[in-house]
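# the following comprises the amino acid sequence and a computationally predicted model.
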Amino acid sequence: MPFSKGRMAQALVLAGAEPERAYQLALRIQWEVSRIAEDEIPIEQLHGVVEEVLAEEEGPQIVSRYHGWHEVLRLDRPLIILLGGATGTGKSTLASEIAYRLGISRITSTDAVRQVMRAFFAAELMPELHFSSFEAAQGLKVPMPDPDSEDRALYGFLQQAGQVAVGANAIVERAVIEGLSTVVEGVHLVPGLVSAHQHAGAVVVQAMLAITDEETHQGHFFFRDMTSGGVRSMDRYLRSFGEIRRIQDYLVGRAEKESWPVIEAGEPDQALIAVMDLILERATARQSAVP
């Protein structure tokens, strides 16, 4: 294939370089490649040139990361990435960025699964499905023994999550069968209800996003309101902010119990780095452990 500065820069961003710096390094690599007398070189020779440039310009850490990602992208098993988290923790944005960096074309949201299920199951049959995750208690028909509103909100969410988990698990199984890398994100990815660790035919990475600071969490709803032009009004989310935080506390607790890493998502850029590092760690470890 022709040498591409753009593709090279993207690979260097994956290894941890800032986009502008990655492009500068790609130009340097292009110059080094142009000095080679042959019109064509093997791909492994190109990687050798890249590692030499990175070692000289950036140091051993980025060389190690570049080499690691090179191995990950050559895996003969699909990557299955599960990103859970309460409403407003930046799951969909992070999932899109990860998919772009890894060249994964399949992204699925559990909200989309719920929407499909709504079309098949009437509100009279599964009322919880027809409400948002933090409002699912409104669909409960059976009174709770404990009238506490927070417990009721959590119970409604768990009823909904259990229903959506059936579809989410089917998506994971389908991805493994087809051998297609997939990112699945959503509030319904409750550890224990949705899991893919038993699939030996895939490299599975599971993570729970959480925002510790309440004001930072509320700020995400303000940003969502602005970027959607008011379609996703922050007022609705702030009215139910207590329920959303209650669901987050539950999800974090479940993640810790089921050994899902909990990623602080207050700073999206740092969350992206943390998840990418987790993917690199899990993928390379799994590769060496499985024949």
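Sure, I can see it. From a predicted model like this one, the values you see are computed outputs, not experimental measurements.

# would you map the strands across the chain?
All strands of the chain, identified by DSSP state E, fall at 79-85, 106-109, 182-186, 203-210, 262-264.

# now do the phi/psi pair for residue 17.
According to degrees, to the nearest 10, the main-chain angles of residue 17 amount to phi -80, psi 150.

# to clarify, my last question referred to residue 190.
Phi and psi for residue 190, reported as degrees, to the nearest 10, are phi -80, psi 120.

# check contacts around it.
Taking CB atoms under 8 Å, 6 or more residues apart in numbering, we find residue 190 in contact with 84, 158, 161, 165, 251, 254. C-beta: built from backbone N, CA, C; applies to glycine.

# quick one: residue 244 and residue 153 touch, right?
No: counting by CB atoms under 8 Å, residue 244 stays clear of residue 153, with 9.0 Å between them.

# helices of this structure, start to end?
Taking DSSP state H as the test, the helices found in the chain are 5-14, 19-34, 43-57, 60-72, 91-102, 110-120, 149-178, 214-227, 234-239, 241-257, 268-289.

# who are the packing partners of the fourth one?
Contact here means 3 or more CB pairs under 8 Å, 6 or more residues apart in numbering; DSSP states H and E; on that basis helix 60-72 packs against helix 5-14, helix 43-57, helix 268-289.

# count the residues that sit near residue 274.
For residue 274, the neighbour count with other CB atoms under 10 Å is 18.

# beta partners of the closest residue to it other than its chain neighbours?
Distances taken as CB to CB, 6 or more residues apart in numbering put residue 263 closest to residue 274, at 5.0 Å, once the chain neighbours are dropped. Beta-bridge partners recorded for residue 263 (DSSP bridges): residue 209.

# check what pLDDT residue 263 gets.
Residue 263 carries a pLDDT score of 97 in this model.

# contact partners for it?
By CB under 8 Å, 6+ apart, the residues touching residue 263 are 207, 208, 209, 210, 271, 274, 275, 278.

# export those residues to JSON lines and append columns for pLDDT and distance to residue 44.
Listed next are these as JSON lines, based on pLDDT from 0 to 100; distance: CB to CB, whole Å:
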{"residue": "207", "pLDDT": "96", "distance to residue 44": "32"}
{"residue": "208", "pLDDT": "97", "distance to residue 44": "38"}
{"residue": "209", "pLDDT": "97", "distance to residue 44": "37"}
{"residue": "210", "pLDDT": "97", "distance to residue 44": "41"}
{"residue": "271", "pLDDT": "95", "distance to residue 44": "34"}
{"residue": "274", "pLDDT": "94", "distance to residue 44": "31"}
{"residue": "275", "pLDDT": "95", "distance to residue 44": "29"}
{"residue": "278", "pLDDT": "94", "distance to residue 44": "28"}
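
# can you pick the most crowded of those?
When neighbours are taken as other CB under 10 Å, the top entry among these is residue 209 (29 neighbours).

# can I get the contacts of residue 263 in CSV with distance to residue 42?
Putting those into CSV (distance: CB to CB, whole Å) gives the following:
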residue, distance to residue 42
207, 36
208, 42
209, 41
210, 45
271, 37
274, 35
275, 33
278, 32
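
# I figured residue 165 hits residue 192, correct?
No: judged on CB under 8 Å, residue 165 makes no contact with residue 192 at a distance of 9.2 Å.

# neighbour-wise, which of the two wins?
Counted by other CB under 10 Å, residue 165 and residue 192 do not tie: residue 165 has more neighbours, with 19 against 11.
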